[in-house]
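Peer 1: Structure of the sequence below:
(chains A and B)
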2 protein chains.
Amino acid sequence: MVENEHMPTMKQFEPPSGTRDFLAGEVMIREAAFATIRRVFERYGFEPLQTPAFERLETLTGKYGEEGDKLIFKILRRGEHEASGEADLALRYDLTVPLARVAAEYSGQLPMPYKRYAIAPVWRADRPGKGRFREFTQCDLDIVGSTSPLADAEVVSALSDTLTELGVPEFKFLLNSRQALAGLLEAYQVPEALGGGTLITLDKLDKLAPDAVIEELRGRGLPPQTAEVLVDDLTAEDSVERFRSALKESDAGRAGLEEIDQLLRLVLGQVPADRIAFTPRLVRGLEYYTGVIFEIVAPGMPGSIASGGRYDGLIARLGGQDAPACGGSLGIERILPLLGEDGTSARSADVAVPILSEDLAAEAFRLAAALRRTGMRVVTYLGSSGKLGRQLKWASDQGARFSAILGRDELDLGEVTVRDMETGEQTRIDLAEAPTWPGWRS
Amino acid sequence: MVENEHMPTMKQFEPPSGTRDFLAGEVMIREAAFATIRRVFERYGFEPLQTPAFERLETLTGKYGEEGDKLIFKILRRGEHEASGEADLALRYDLTVPLARVAAEYSGQLPMPYKRYAIAPVWRADRPGKGRFREFTQCDLDIVGSTSPLADAEVVSALSDTLTELGVPEFKFLLNSRQALAGLLEAYQVPEALGGGTLITLDKLDKLAPDAVIEELRGRGLPPQTAEVLVDDLTAEDSVERFRSALKESDAGRAGLEEIDQLLRLVLGQVPADRIAFTPRLVRGLEYYTGVIFEIVAPGMPGSIASGGRYDGLIARLGGQDAPACGGSLGIERILPLLGEDGTSARSADVAVPILSEDLAAEAFRLAAALRRTGMRVVTYLGSSGKLGRQLKWASDQGARFSAILGRDELDLGEVTVRDMETGEQTRIDLAEAPTWPGWRS
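Peer 2: Residues are numbered from 1 along each chain as shown, chains lettered A, B, ... in the order given. Model (predicted):
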């Protein structure tokens, strides 16, 4: 191939780095999953919310920590201000800050508690990698304005129902509470100043070997014996029992255990008992959680496929009004690969209508229209070949179940030839009654 | 109210200028319309395409003319490049440039002709105004790779079916062709150099008085008599007949008439004859059309609610590969107001479940879960009042059809009280068989 500086490079037609084009098969799989999610969420009385793709820059900055702020896509000012190189708008980084803004703006119009879901793309200028995109979809459900444990239970239960209806096999809830974690630090006499760091390191127990975690804890200044006992208890077969006894020794620990047990009681029979368990080592990186926290894991996908918890102070911190809140988020980009659909069947018509000559086109087009009115997916031949063989090949390529052939012969008799594209069998049927022919549904 | 520089102004919580938040009622109305549109488009064999919200800046610039380029939202470079004040990405301005890019990138994987639809937001930094937004949704369907008149007919027919199924009353297709317009200029001996300007001015005949249009044509240098005869013929009762005769005098005119008549023949019986008509004054501002052009108008909405045509050179000009194409676009933001839905019924549960005390919560929650499994929309009380009266008021506010009340009494008997929220009538039913109680569907 001759290089030519005016020739477009192949990259020119790719979507921007970290983003994807979804062709028909992928769109169908994704939209089917979103429809299932919406259906389950609505069954719980969650209502949809859609907010703009961009927010005012000041609405987003300072909400995601220093690292998060760097990943915000900023939009340049326009017109005479463009030359300033300044930004005034920014692409949505998550769906929680827009929720906080909406809860403040429309507080009078929203039901309280406000149970909303949102399924929408967010944008992060992360380094693109396997399973990490710059444009990806979040599926969030949140309840703003209720401190009831039933609210936490509804979130957990709705996520469980959703994953079941999506067909995710063998998912499991890891459950903990921020109060239980405070109780844990107390029970193991972790110095207060080291509490946060200790939890961050313990959170790595699902990735690092126990010795490496002990090493890191010691590096943080934790007494060696404390580090060893903590990690030993957390990785023991009977770790849950060990922590249940340890937590009973402090107020925070008892309150945390009660939070966890109350949730387990509420979802009993709703989420199978072997699918949800108190998991002392679960920390969740996000510092804004205040109550129950959870992650959902599934075989075949490292990390979690969903997560959530109670975050009572966050709405106010994000610029909204102070209100208790809890919620969860499905990692749909990590869930879809688990469903094992290939989407190749997306492009299949019910009926293909060849066009045998220009003077028969109008009649064939009307036949197609009449068949469509019954709800069938009908395609007409838009190419330039007048040959039937070539057009039947096209019908096959379309995945059409039948071809409806209207030649001069057929038209003169008021008939149409229906060809079963699988068997090659042909049947003449009455043209006027074609839409109601029972064979289409056979 | 005391002014305080630290108090947030109310504007803080509004969505950015020219954008909208859609609360539940509006989301439901919009999504129902989109579902109808998708259903009809798919029945014609159009397949969905989803592309990223942003494209590389160079993919978009130079494609929309000087005025259009100014309206592109540009995204600032990130990290160390942010300080440069330069942009490298830009928000999608329409759905056609992404189509051109996709047609080039995946040409081997796409069926040919490629019939795709897209329903997605686009962003334009226009001055916001009544009905003019900076974020708005486009619904496009296009056929790339076919010169067949059937392709144009499918676009027209699919749009007609869609508007009918959406329930838009009395819409009408205004139909013309670029060749007919060339024939018109020839027939009225408009000097070639004045052709483009003349058409732009004639396009204003639906807004300006005939005299004002004549004045503008004369200002452009058209001989006064030509201007008068043209406008007179275009506004006459029998303008269609006058132009049919005039067009027959030139090759371009005859070809244009044949294009129009062929389309009319194809959609005959499919689009009612009084809903589509040759409209000589229809020009369509966009210079890229090459064949049949159309607009759809409807009473109650000034301007057009949909439009389209054949644009054979555009895909190549937009950076794709040379391919014939035609398509259309529904102005959904202008169509939705015509449907007169108010969406207030969106927030209605089938069943509300009061929570009478903490120790009954788990049982009530399980009842809600069991009822949801039948597909009903069930809400549980998440507030703090233990009073039944207050909770029944809440159930009413939720628009619930029934309340399912589980008190200590009921639980001891293995029953549940169902209250019809309209009549106040109460029935005791068996708790275990509650999900299959026929009364829910009455």
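Peer 1: so how far is chain B from the residue minimising distance to the centre of chain A?
Peer 2: Nearest to the mean C-alpha position of chain A, by C-alpha atoms, centre = their mean, lies A:Ile332 at 2.5 Å. As defined by C-beta to the nearest C-beta, to the nearest Å, A:Ile332 lies at a distance of 14 Å from chain B. Any C-beta I mention is one placed from the backbone N, CA and C, and that applies to glycine too.
Peer 1: wait, doesn't that residue sit right on A:Thr137?
Peer 2: Yes: proximity of A:Ile332 to A:Thr137 meets the contact threshold set by C-beta atoms under 8 Å, at 5.4 Å.
Peer 1: tell me the SS of A:Leu89?
Peer 2: Each residue gets one of three states, and A:Leu89 gets strand by DSSP: H, G, I helix; E, B strand; the rest coil.
Peer 1: try A:Val122
Peer 2: A:Val122, by the three-state scheme (three-state DSSP), is strand.
Peer 1: go on, the one 4 residues further on?
Peer 2: Classification of A:Asp126 using three-state DSSP returns coil.
Peer 1: Can you tell me, leaving aside adjacent residues, what's nearest to A:Arg43?
Peer 2: The shortest distance from A:Arg43 to any residue other than its chain neighbours is 4.7 Å, reached at B:Arg372 (C-beta to C-beta, 6 or more residues apart in numbering or on different chains).
Peer 1: Please apply the same query to A:Lys74.
Peer 2: Here the nearest residue to A:Lys74 in space, its sequence neighbours aside, is A:Ala87; by C-beta to C-beta, 6+ apart that works out to 3.5 Å.
Peer 1: how many neighbours does the residue in the stretch 51-200 of chain A that chain B sits nearest to have?
Peer 2: Across the stretch 51-200 of chain A, the shortest distance to chain B (C-beta to the nearest C-beta) belongs to A:Gly85, at 1.8 Å. A:Gly85 has 16 neighbours, counted by other C-beta atoms under 10 Å in any protein chain shown.
Peer 1: do the one 3 residues further on as well
Peer 2: Residues within reach of A:Asp88, counting by other C-beta under 10 Å, total 17.
Peer 1: so how far is B:Glu31 from the residue nearest to the centre of chain A?
Peer 2: 18 Å (C-beta to C-beta, to the nearest Å).
Peer 1: Could you do A:Arg178 as well?
Peer 2: 36 Å.
Peer 1: more crowded one of these two?
Peer 2: The neighbour comparison of A:Arg178 against B:Glu31 (other C-beta under 10 Å) goes to A:Arg178, with 23 against 14.
Peer 1: hmm, who's touching stretch A:426-437?
Peer 2: When contacts are taken as C-beta atoms under 8 Å, 6 or more residues apart in numbering or on different chains, the neighbours of stretch A:426-437 outside the stretch itself are A:367, A:370-371, A:373-374, A:404, A:406, A:410-411, A:413-420, A:439.
Peer 1: swap the cut-off to 6 Å and go again
Peer 2: Outside stretch A:426-437, the residues that touch it by C-beta atoms under 6 Å, 6 or more residues apart in numbering or on different chains are A:Ala370, A:Leu371, A:Thr374, A:Gly414, A:Glu415, A:Val416, A:Thr417, A:Val418, A:Arg419.
Peer 1: What is the end-to-end distance of that stretch?
Peer 2: Using C-alpha to C-alpha, to the nearest Å, the gap from the first to the last residue of stretch A:426-437 comes to 14 Å.
Peer 1: ditto for stretch A:337-354
Peer 2: For stretch A:337-354, the first-to-last residue distance is 38 Å (C-alpha to C-alpha).
Peer 1: what bridges to A:Val271?
Peer 2: For A:Val271, the beta-bridge assignment (DSSP bridges) gives partners A:Leu268.
Peer 1: Can you flag the buried ones in the contacts of stretch A:426-437?
Peer 2: The neighbour-count test (16 or more other C-beta atoms under 10 Å in any protein chain shown) applied to those identifies A:Ala370, A:Leu371, A:Thr374, A:Glu415, A:Val416, A:Thr417, A:Val418, A:Arg419 as buried.
Peer 1: per-residue confidence averaged over stretch A:425-442?
Peer 2: Per-residue pLDDT over stretch A:425-442 has a mean of 94.
Peer 1: That one: which residues count as buried?
Peer 2: Going by neighbour count (16+ other C-beta under 10 Å), the buried part of stretch A:425-442 is A:Ile429, A:Leu431, A:Ala434, A:Trp437, A:Trp440.
Peer 1: Show only the entries of the residues you listed found in strands.
Peer 2: Among those, the residues falling in strands (DSSP state E) are A:Ile429.
Peer 1: tell me the two of the buried residues of stretch A:425-442 that are most distant?
Peer 2: For the buried residues of stretch A:425-442, the maximum inter-member distance is 14.2 Å, found between A:Leu431 and A:Trp440 (C-beta to C-beta).
Peer 1: ok, and what's touching stretch A:232-243?
Peer 2: Among residues not part of stretch A:232-243, those counted as contacts by C-beta under 6 Å, 6+ apart are A:Pro210, A:Phe278, A:Pro280, A:Arg281.
Peer 1: Restricted to buried residues, select those in PyMOL.
Peer 2: Those of the contacts of stretch A:232-243 that count as buried under 16+ other C-beta under 10 Å are selected in PyMOL with:
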select buried, chain A and resi 278+280+281
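Peer 1: Let's see which of the contacts of stretch A:232-243 end up in strands.
Peer 2: Secondary structure assignment (DSSP E) places A:Phe278 from those within strands.
Peer 1: what stretches of the stretch 301-442 of chain A score poorly on pLDDT?
Peer 2: Counting by pLDDT under 70, the stretch 301-442 of chain A contains low-confidence residues at A:341-347.
Peer 1: Quick one: the strands in it, in order.
Peer 2: In the stretch 301-442 of chain A, the segments counted as strands under DSSP state E, counting those that start in this stretch are A:301-310, A:325-330, A:351-353, A:378-380, A:402-405, A:415-420, A:426-430.
Peer 1: So which of the ones you listed is nearest B:Leu264?
Peer 2: Nearest to B:Leu264 among the strands of the stretch 301-442 of chain A is strand A:378-380 (17.2 Å), distances taken as C-beta to C-beta.
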